[in-house]
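**Q** Test case, fold it:
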Amino acid sequence: MNRTVREKLRVVFARNPPDAFSNCPRFPTLDATISCPFPGWTVEILKQIIDYLGYDIVPVVTTAPDGYVDWGTYVRFFI
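**A** Numbering: from 1, shown residues only. Just a heads-up that it's a prediction; the model follows:
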């Protein structure tokens with residue numbers, strides 16, 4: 001898809017292994033790198049789909065501790 005303006009998609013990222021690992025230097029990390037070889041299996045798949053569609057990701061990072069997410073508090077971001 002060739003677009004001059006890329007669509008943006010807001011995505012909530014939680015520190016919730018194995019979906020998204022927060023032990024990388026930057027969180028969220030969407031691509032595997034030397035400093036972050038395993039960003040998380042959900043993050044890696046999402047990145048491939050978003051690249052294929054030609055969208056940009058606007059990350060919304062949760063403040064919940066690792067492994068605990070109350071998804072109900074993030075509904076307001078998508079309404």
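
**Q** Make sure I have this right: Ile50 is in a helix.
**A** Yes. Per DSSP: H, G, I helix; E, B strand; the rest coil, Ile50 lies within a helix segment.

**Q** Next up, the contacts around the residue most central in space within the chain.
**A** Nearest to the mean C-alpha position of the chain, counting by CA atoms, centre = their mean, stands Phe13 at 4.7 Å. Residues near Phe13 by CB atoms under 8 Å, 6 or more residues apart in numbering: Ala20, Phe27, Pro28, Val43, Pro59, Val60, Val61, Thr62. Any C-beta I mention is one placed from the backbone N, CA and C, and that applies to glycine too.

**Q** Quick check on those residues: which are buried?
**A** With neighbours counted by 16 or more other CB atoms under 10 Å, these contain buried members at Ala20, Phe27, Pro28, Val43, Thr62.

**Q** Widest-spaced pair of those?
**A** Distance extremes for these: the farthest pair is Val43 and Thr62 at 13.5 Å, using CB to CB.

**Q** which residues in the chain form strands?
**A** Counting by DSSP state E, the segments of the chain that form strands are 8-13, 56-61.

**Q** quick one: the closest residue to Gly40 other than its chain neighbours and Tyr52, what's the gap?
**A** Of all residues not flanking Gly40 in the chain, Ala20 sits nearest, at 3.8 Å (CB to CB, 6 or more residues apart in numbering). Ala20 sits 20 Å away from Tyr52, going by CB to CB, to the nearest Å.

**Q** ditto for Arg15
**A** 26 Å.

**Q** between these two, which one's more packed in?
**A** More neighbours surround Arg15 than the other of Arg15 and Tyr52, with 21 against 9 (other CB atoms under 10 Å).
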